[in-house]
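Trainee: Got a sequence here, can you model it:
(one chain, ligands or ions: 3)
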Amino acid sequence: MNLDDWGWSPFFAEQSMLQQKGYLPARIIRGEKNFFRVLCAEGELTVRFTGRMRHGAGTRADLPVVGDWVMVQPQPDGRGMIHAILERKSSFARNLPGRRKIKGRERAEQQVIAANVDLVLVVSGLDRDFNLRRIERYLTLVGGSGAEAVVVLNKADLCENPQRCLAQVKEIAPKSPVYSCEARDPRQLEFLLPHLQPGRTLALLGSSGVGKSTILNGLLGEQRQKIGEVSQADGKGRHTTTHRELFQLPQGGILIDNPGMRELHLWGDEEDLVESFSDIEELSGKCKFSDCRHQVEPGCAVLRAVEIGEITHERLGNYHKLKAELTSLQRRR
Ligand SMILES: Nc1nc2c(ncn2[C@@H]2O[C@H](COP(=O)(O)OP(=O)(O)O)[C@@H](O)[C@H]2O)c(=O)[nH]1
Ligand SMILES: [Mg+2]
Ligand SMILES: [Zn+2]
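Mentor: Numbers count the residues shown, from 1 in each chain. Ligands and ions are numbered 1, 2, ... in the order given. Okay, here's the model as predicted:
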């Protein structure tokens, strides 16, 4: 077992040296309800985390998730205990929908979706579900994570003019490569090859039914992950991926499949908009007032760009909406 192929790097090796002797580094490849599957030098193990870790965790974000590197103490029966989580190189999180209340006041709660991801594939369908505003939301989530993003527009076969959609997405994703494909045909996934490298971790992100598991299976060359039937009524796939799992790809690299999320509330701060709305952020520098909110202010370079059609009205509207969501989140944290 070569841990480097699973993403082990000096960043984690240095941390592991400070850990107690006798514990082994391991990567979490699957999360179940009460246990995890991890990979370590001795192979796969089923592990739990210690009660001390559960009690010591201030928030859910301090508990292990798929992609984490942890220190485990293996037991002879193929089981083991997680004793520590190594610091994450990146992590992406959402604000949990059922907001927790503490003393009658709403408190935001962070759910880490996956850890130590280098590249996120934001997958979106080119069917009736195609929605530029949702792609902007996903890109903002990735913008705050420390990972890079690539946009994959799947189901090109269901779109009358995929080139037009591709061009539209390129406009709203100024910092990310954008591709379109029909993932059911694995040959159409070749555009991903330059993004795959041994030890590099990718994650699939996108609504249920957009074809995430189909992409994974196409890359694996086998039907490892169950794929949802499309119901005739709404054209959406059923929820078939129920847990997160990390797979090693034959082309090199590691891919995390995610169950689709019905609601994606942002977790982060206003800084997260810098990447996903880099065009607006750059124009801000040219506004007359340095604290311009791009709403009604005179001499606003952003409003001017909307006026001349450089930025759509809808994009600016979504920028304001996501910014307000992040500001209100900061207040509740
Ligand atoms: N028409 C079409 N259907 C696709 C394509 N890719 C996936 N599907 C179908 O979309 C449905 C949902 O796919 P799945 O991979 O389970 O989506 P996930 O929920 O994102 O993992 C399945 O019925 C797939 O066969 C594609 O490129 N074109
Ligand atoms: Mg799936
Ligand atoms: Zn302005």
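Trainee: Ligand 3 contacts on the stretch 151-300 of the chain?
Mentor: Neighbours of ligand 3 within the stretch 151-300 of the chain, by Cβ under 5 Å from the ion: 287, 292, 294, 300. Where you see a C-beta, it was placed from the backbone N, CA and C, and this is true even at glycine.
Trainee: Reformat these as CSV; add neighbour count.
Mentor: Listed next are these as CSV, based on neighbours: other Cβ atoms under 10 Å:
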residue, neighbour count
287, 19
292, 20
294, 21
300, 21
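Trainee: Now for those residues: which two are most distant?
Mentor: Greatest spatial distance among those (Cβ to Cβ): 287 and 294, at 7.0 Å.
Trainee: nearest spatial neighbour of residue 212, skipping sequence neighbours?
Mentor: Closest residue in space to residue 212, ignoring its immediate chain neighbours: residue 204 at 4.1 Å, by Cβ to Cβ, 6 or more residues apart in numbering.
Trainee: mind checking how far the helix or strand harbouring that neighbour is from the chain centre?
Mentor: Here residue 204, judged by DSSP states H and E, is contained in strand 201-205. Offset of strand 201-205 from its chain centre (Cα atoms, centre = their mean, to the nearest Å): 6 Å.
Trainee: so can I have CSV of the residues of the stretch 151-300 of the chain next to ligand 3 showing pLDDT, distance to ligand 1 and secondary structure?
Mentor: Converted to CSV, those look like this (pLDDT from 0 to 100; distance: Cβ to the nearest ligand atom, whole Å; DSSP: H, G, I helix; E, B strand; the rest coil):
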residue, pLDDT, distance to ligand 1, secondary structure
287, 97, 40, coil
292, 96, 39, coil
294, 97, 35, coil
300, 97, 39, coil
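Trainee: Can you tell me which of those is closest to ligand 2?
Mentor: residue 294 (37.8 Å; Cβ to the ion).
Trainee: So that closest one is in contact with residue 288, correct?
Mentor: No: counting by Cβ atoms under 8 Å, residue 294 stays clear of residue 288, with 11.2 Å between them.
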